[in-house]
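Trainee: Have a look at this prediction, sequence included:
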Amino acid sequence: MSHTQRKLSFILEKEKEMKIERLRRAWFRFKKSKLALTGFLLFSTLLVMAIFAEFVTPYPKHAETYVDFKARFRPPDLNHLFGTDHLGRDIFTRVVFGFRLAFLMIGIVISIVLPVGTVLGLLAGYYKGKWLDYSIMRAADMFVSIPPLVLALSICAILEPNIVNAMIAVTLMWWPWYTRMVYSMTSALRDEPYVWAARALGVRDINIMFREILPNILGPILTKATLDAAWVILIGATISFLGLGAQPPTPDLGTMISEYMVYFPQYWWMIIGPTLGIAILIMSFNLLGDGLRDVFAGE
Amino acid sequence: MKNRLNILYVLERIFNHMLFKRTVLSLLSLFGLSLIIFTLARIMPGDPARMALGPRAPEELVQKYREMLHLDKPIYLQYYYWLTDFFQGKLGISLTSFREVSVDIIEFLPATLELMLYVAIIQITGTLILGTLSGSKPGSILDGALRVFSYVGICVPPFVWGLILQFIFSYILGFFPATERLSPSVQVPRITGFVTIDAMITGNLRGFVDGLWHLILPSLALALGAMAQEARILRSAMVENINKDYILTLLSHGIPNYRIYFRYALKPSLVSTIPVVGLDIASLIANAFMVEVIFNWPGLSKFGITAMLRKDLNGIVGVVLVAGLVYTITNVIVDIILTLLDPRLRYGGER
């Protein structure tokens, strides 16, 4: 083994160690941050509840179409934690199934928006000043020039109002915000010395974008994704609340509030369940996001 | 010669001004947006005319609607027709009210704008007072309360605030009316469409108080959550600025505390707060939808939601464009205020 090779393998090994060390430090900060830990616990509890909704809830049959007129409008008690609704369904059960829908929505929306928004932002930021930058960013500007809720609502309305189209609407509404953030970070990083060095060594543009720039902005991207997830829940609930998203009897939290609002204020306790559900869901994502920000900020 | 150069110089300064660029870009964006919504509405699978009129509508009627919207022509021609109508101030006939969409919008928009105005007043004063007070004394009771409240504010959507406020203050305590803009017994003539302003112009004190009374709950519902967050942002900017040297200098010169906080520390702190407040206020045009539904407020949502549920194409495009326009104008106003506060921003400086 020549001297250079030995030196190179030493450097590589060192780098690997440093990577592990960095991860360990991030984990340490995560453990120390009470916010992140609480958010993570809350989030995972809700997620487990949502996944195993059939086993956690007392009346899994009550989630969608089920009618029991004798048991309708029961105030909260031990059997029915949040009471029963106008068709005699257990509201607690429906809320837990609502969590499942909300997580599904976030999962699908994030798995589309995160890669697409990131790639578009990277491309536009890396080729700043070229036509690619202009076409991507002007398209993003177009979507940003109108309030997100109105855009989402009108897309839902033009398509058929249901939960899948609500997801499409939220995706279409959300990507530009994301692309703009990645864009501004990328265009700040593209003149860093290490990017110049990589370019001088003849590294291909694609590799510079994904191997040099992307790892450096991954922290803020993930933080924003978590914080925005809360926002997606809110917009999703609002779309359903206004009757343009999930339709009854789908156990969506927003749909439930609009369904139960009809019996307001006489049977006011009916909206406690879905309201608390939305609040706790948004809170878990916010806590997690704030915690992640603390973790990444320490670097 | 010199004079001509001067004109060129002035023109260049105008064209390079951030506000000019922003305004032109926003207008172009709105134009592009109309194209997107327009195309989306027409390339959807299924016959839009049939969908709008329902499965039981007679064929002649559907055919007539198709002709009215030029749905039988190629899509670029449809957009051309729509655009020529648009520049003549016509947005097409609405299916929900069977009137010109612009007439509907003129009828319903002022109620939303009035709501927005009062929300903005509450938000701005609340943010200034709460943010400055808690920023000047980090760790105080007020600071802690604001922290908790801002967390609650993020987690509870405005429509839930609306329901809670309505339940407590109008159904249980009976302080405020639950719905509508005015009590049935009170009449205010329509001049600007803003109930409180109309009442003031006509000198109708009873109408003014009644209108204001109806406005309080919906504006609070929209303002509370956002206000807490904005106050938090102002607070952290204040805390940062208060530790700077120039504040210490002012203190050593014996300038009273309240003057330092509300004047010298507040102004630089506002630069980071105003964009957030501005975006929140601009978004109100859409967020008002949720609260208007609860309080049965005759605003843009009343027309917009019905149009959306009935697939009224002209109505939807009209509402989207108006919402976009209000949003854009609000954002430009915010930019003007920002450039006044921080001249560096005028020619593309960093925030």
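Mentor: Arrived safely.
Trainee: where are the low-confidence patches of chain B?
Mentor: B:1-5, B:15-16, B:44-46, B:345-351 (pLDDT under 70).
Trainee: Flag every buried residue along the lengthiest helix in chain B.
Mentor: Taking DSSP state H as the criterion, chain B has its longest helix at helix B:205-242. Applying a neighbour-count criterion of 16 or more other C-beta atoms under 10 Å in any protein chain shown, the buried positions in helix B:205-242 are B:207-208, B:210-211, B:214-239, B:241-242. C-beta: built from backbone N, CA, C; applies to glycine.
Trainee: who does it touch, helix- and strand-wise?
Mentor: On a contact count with 3 or more C-beta pairs under 8 Å, 6 or more residues apart in numbering or on different chains; DSSP states H and E, helix B:205-242 meets helix B:101-136, helix B:141-155, helix B:158-165, helix B:195-201, helix B:266-294.
Trainee: who's in contact with B:Leu133?
Mentor: B:Leu142 (C-beta atoms under 8 Å, 6 or more residues apart in numbering or on different chains).
Trainee: Then the one 3 residues further on?
Mentor: Residues in contact with B:Ser136 (C-beta under 8 Å, 6+ apart) are B:Met238, B:Ile242, B:Asn257, B:Tyr261, B:Ala265.
Trainee: which parts of the stretch 151-300 of chain B sit against chain A?
Mentor: Applying C-beta under 8 Å from any C-beta of the partner chain, one finds that the stretch 151-300 of chain B approaches chain A through B:151-152, B:154-157, B:159-160, B:163, B:166-167, B:171, B:282-283, B:285-287, B:289-290, B:293-294.
Trainee: Apply 10 Å and report the result again.
Mentor: Counting by C-beta under 10 Å from any C-beta of the partner chain, the residues of the stretch 151-300 of chain B close to chain A are B:151-152, B:154-160, B:162-164, B:166-168, B:170-172, B:178, B:225, B:279, B:282-290, B:292-294, B:300.
Trainee: Give me the buried positions along the helix or strand where B:Thr249 lies.
Mentor: Using DSSP states H and E, B:Thr249 sits in helix B:245-252. Judged by neighbour count (16+ other C-beta under 10 Å), helix B:245-252 contains these buried residues: B:Ile247, B:Leu250.
Trainee: Off-centre distance for the next helix or strand after that helix?
Mentor: Per DSSP H and E, helix B:245-252 leads on to helix B:257-259 as the next helix or strand towards the C-terminus. Put simply, helix B:257-259 sits 33 Å off its chain's centre (C-alpha atoms, centre = their mean, to the nearest Å).
Trainee: other SSEs contacting helix B:257-259?
Mentor: If you count contacts as 3 or more C-beta pairs under 10 Å, 6 or more residues apart in numbering or on different chains; DSSP states H and E, helix B:257-259 packs onto helix B:101-136, helix B:245-252.
Trainee: Let's have these in a markdown table, adding distance to A:Val96.
Mentor: Shown next, in a markdown table, are the helices and strands packed on helix B:257-259 (distance: least, C-beta to C-beta, whole Å):
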| stretch | distance to A:Val96 |
| --- | --- |
| helix B:101-136 | 34 |
| helix B:245-252 | 52 |
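Trainee: So which of the ones you listed has the densest surroundings on average?
Mentor: Of the helices and strands packed on helix B:257-259, the one with the most neighbours on average (mean count of other C-beta atoms under 10 Å in any protein chain shown) is helix B:101-136, at a mean of 20.
Trainee: what's the angle from it to helix B:158-165?
Mentor: Orientation check (axes from the mean of the first three to the mean of the last three C-alpha atoms, to 10 degrees): helix B:101-136 against helix B:158-165 gives 80 degrees.
Trainee: burial of B:Leu25, as a residue count?
Mentor: 15 (other C-beta atoms under 10 Å in any protein chain shown).
Trainee: what about it, distance to B:Gly32?
Mentor: Computed as C-beta to C-beta, to the nearest Å, the B:Leu25 to B:Gly32 distance reads 10 Å.
Trainee: can you check A:Gly129 too?
Mentor: 21 Å.
Trainee: just A:Gly125 next, same as before
Mentor: 21 Å.
Trainee: Which one of those two is surrounded by more residues?
Mentor: Higher neighbour count among A:Gly125 and B:Gly32: A:Gly125, with 25 against 16, using other C-beta under 10 Å.
Trainee: After the helix or strand hosting that one, which helix or strand is next?
Mentor: Using DSSP H and E, A:Gly125 maps to helix A:91-126. Where DSSP H and E defines the elements, the next helix or strand beyond helix A:91-126 is helix A:131-144.
Trainee: Please see if the following helix or strand past that following helix touches chain B.
Mentor: Sequence-wise, the next helix or strand downstream of helix A:131-144 (DSSP H and E) is helix A:148-158. Yes: using C-beta under 10 Å from any C-beta, a contact is recorded between helix A:148-158 and chain B, made by A:Pro148, A:Leu149, A:Val150, A:Leu151, A:Ala152, A:Leu153, A:Ser154, A:Ile155, A:Cys156, A:Ala157, A:Ile158.
Trainee: can I get those residues in JSON lines with pLDDT and distance to A:Leu104?
Mentor: Converted to JSON lines, those look like this (pLDDT from 0 to 100; distance: C-beta to C-beta, whole Å):
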{"residue": "A:Pro148", "pLDDT": "84", "distance to A:Leu104": "20"}
{"residue": "A:Leu149", "pLDDT": "86", "distance to A:Leu104": "21"}
{"residue": "A:Val150", "pLDDT": "85", "distance to A:Leu104": "24"}
{"residue": "A:Leu151", "pLDDT": "83", "distance to A:Leu104": "22"}
{"residue": "A:Ala152", "pLDDT": "87", "distance to A:Leu104": "17"}
{"residue": "A:Leu153", "pLDDT": "87", "distance to A:Leu104": "20"}
{"residue": "A:Ser154", "pLDDT": "84", "distance to A:Leu104": "23"}
{"residue": "A:Ile155", "pLDDT": "84", "distance to A:Leu104": "19"}
{"residue": "A:Cys156", "pLDDT": "85", "distance to A:Leu104": "17"}
{"residue": "A:Ala157", "pLDDT": "83", "distance to A:Leu104": "22"}
{"residue": "A:Ile158", "pLDDT": "80", "distance to A:Leu104": "23"}
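Trainee: Can you name the residues that contact the residue nearest to B:Leu309 when sequence neighbours are not counted?
Mentor: Distances taken as C-beta to C-beta, 6 or more residues apart in numbering or on different chains place A:Gly243 nearest to B:Leu309, at 6.3 Å, with adjacent residues excluded. A:Gly243 is in contact with A:Leu153, A:Cys156, A:Ala157, A:Pro161, A:Gly254, A:Thr255, A:Ser258, A:Glu259, B:Val293, B:Ile305, B:Met308, B:Leu309, counting by C-beta atoms under 10 Å, 6 or more residues apart in numbering or on different chains.
Trainee: Confirm that A:Gly243 sits in a helix.
Mentor: No: looking at A:Gly243 with DSSP: H, G, I helix; E, B strand; the rest coil, it is coil, so not inside a helix.
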